[in-house]
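Colleague: One predicted model, sequence on top.
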Amino acid sequence: MKDVQNELDNRNMPINKVGIKDLRYPITVLDRQKSVQHTVATINMYVDLPHQYKGTHMSRFVEMLHVLQPEISVKRVSKILEKMREYLQADSAHIEIYFPYFIEKIAPVSDSRGFMDYDCRFMGSSYSTGETDIVTEVRVPITSVCPCSKEISDYGAHNQRGEVTLAIRFNKFIWIEDLIELVEKCASCELYSVLKRVDEKYVTESAFQNPKFVEDIVRDIALELKKNNDIKWFSVSAENFESIHHHSAYAQITS
């Protein structure tokens, strides 16, 4: 049959990225406690396209994922990128994998159990020069109490739910759970899916005794990251969904 994609294109215009977006696909992720965790990812996959080709073979992206049956880890992402370049005869390949990751958490007083979900992402690029770049990202919901509100009020202080986004490049494998725990300990208090009254009392008072601005949160996380020699780059941001303002508070550090 005629292969239109392989026909020559005379516009002399290379394309940086061409591929597929928003493919939902079952994946397996490494789990610190249970070895592996099954979840569903949304995947974007791209390659470059030289100026002389009319199009790429879109079906090959999905076909390749099915053959590889991906367990998603840094090593596996690198392999997928390598295969993408090889299979699609490209100089560069890129992949973005978004997925929910679940961790069972135990309430601090009642020991009630429930699952928290965290949005995670792997982003990877591979080039014909041999260079491969992988970034791991987690988004962690948190609680923060405003230090200024606590200081100036006769009683109480305003608090809000926030979200920290942490992205890293590393030399040595780091568990998703380790990144989440690092973020949570730098907030005013962490979140739980199940809380009894005794737990509500505990987390409310714990947060009140540990007030933090978004600036405090990103600085404390950055200091912890700098202690880890296995992390070679990071970007951390915190956004508080303010309870007494019609806007969010935001801070970011990249190193």
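Modeller: Sure thing, it's come through.

Colleague: how about low-confidence regions in this structure?
Modeller: 2-7, 9, 70 (pLDDT under 70).

Colleague: what about the helices in it?
Modeller: For the chain, the helices defined by DSSP state H cover 58-68, 74-87, 147-152, 176-185, 197-208, 214-226.

Colleague: State the distance from residue 96 to residue 8.
Modeller: 30 Å (CB to CB, to the nearest Å). The C-beta positions use only the backbone N, C-alpha and C, and glycine is treated the same way.

Colleague: okay, the two: which has more neighbours?
Modeller: residue 96 (18 against 8; other CB atoms under 10 Å).

Colleague: my guess is that one meets residue 123, correct?
Modeller: Yes. Counting by CB atoms under 8 Å, residue 123 is a contact partner of residue 96 at 5.2 Å.

Colleague: on that earlier part again, to residue 130, which of the helices of the chain lies closest?
Modeller: Among the helices of the chain, helix 74-87 comes nearest to residue 130, with 10.1 Å by CB to CB.

Colleague: Can you list the neighbours in contact with the closest one?
Modeller: By CB atoms under 8 Å, 6 or more residues apart in numbering, the list of residues contacting helix 74-87 from outside reads 45, 47, 60-61, 64-65, 68, 70, 90-95, 97, 122, 124-126, 128, 132, 134, 136, 173.

Colleague: now, which of the residues you listed lie within strands?
Modeller: 45, 47, 92-95, 97, 122, 124-126, 132, 134, 136 (DSSP state E).

Colleague: Pipe the helices of the chain into TSV and attach distance to residue 102 and mean neighbour count per row.
Modeller: Converted to TSV, these look like this (distance: least, CB to CB, whole Å; neighbours: other CB atoms under 10 Å):
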stretch	distance to residue 102	mean neighbour count
helix 58-68	22	15
helix 74-87	20	18
helix 147-152	32	13
helix 176-185	11	18
helix 197-208	20	15
helix 214-226	22	18
